[in-house]
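model this:
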Amino acid sequence: MFEKLRGKSFAPSQERFDTIIGRTTHIYGRLVLLDSVRIDGNVTGNIETGKDNKITVAIGPTGEVSGDITAHRVMVAGKVEGNIYAAERVEFHKDSVVQGDISYGSIAIEHGARLLGLVIQNPNQPVAANPPSAQSVIRKAQEGST
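Numbering: from 1, shown residues only. Sure, this is the predicted structure:
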């Protein structure tokens, strides 16, 4: 049964990326996105999208982000050092490395992805401009409050 899954990857995304940050590009500062973006270079700073925008942030295999990512969908094939807040879906591809807490609606993890941090499903809450910390979400869940 498990033999059939070996070597398989996620289905190719039909996402359209209006912005591509190339391998040799380094960006320092906060990015506020109005369209989906693919990052193959380096970004140092937070990446944010509008609350109601269905925007995807994709980190390519050579991409590196040092900062928090807040988006509708997040796909990681490279490295992220920071928290990820994905309202709808988050995907971690083979060889991706994430150091930070992850809040998501649905999740997909390929064999070989490395995650270091809390992973919390949060399907009913929209992504806020200043999302709550993972610790506060866990505390509320343990206390039974909404």
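
where does the protein have low pLDDT?
Along the chain, segments meeting pLDDT under 70 span 1-15, 123-135, 137, 142, 145-146.

and the host helix or strand of residue 85, how far out from the chain's middle?
In this assignment (DSSP states H and E), residue 85 forms part of strand 84-92. Chain-centre distance of strand 84-92: 5 Å, with CA atoms, centre = their mean, to the nearest Å.

report the buried residues of the following helix or strand past that strand.
Downstream of strand 84-92, the next assigned helix or strand under DSSP H and E is strand 97-99. Residues of strand 97-99 classed as buried: residue 98 (neighbour count, 16 or more other CB atoms under 10 Å). Every C-beta, even on glycine, is put in place using the N, C-alpha and C of the backbone.

the helix or strand following strand 97-99: how far from the chain's middle?
For strand 97-99, the following helix or strand on the C-terminal side (DSSP H and E) is strand 102-109. Remark: strand 102-109 is offset 8 Å from the chain centroid, using CA atoms, centre = their mean.

for the remainder of this discussion, apply numbering that starts at 28.
Sounds good: first residue 28 from here, last item strand 129-136.
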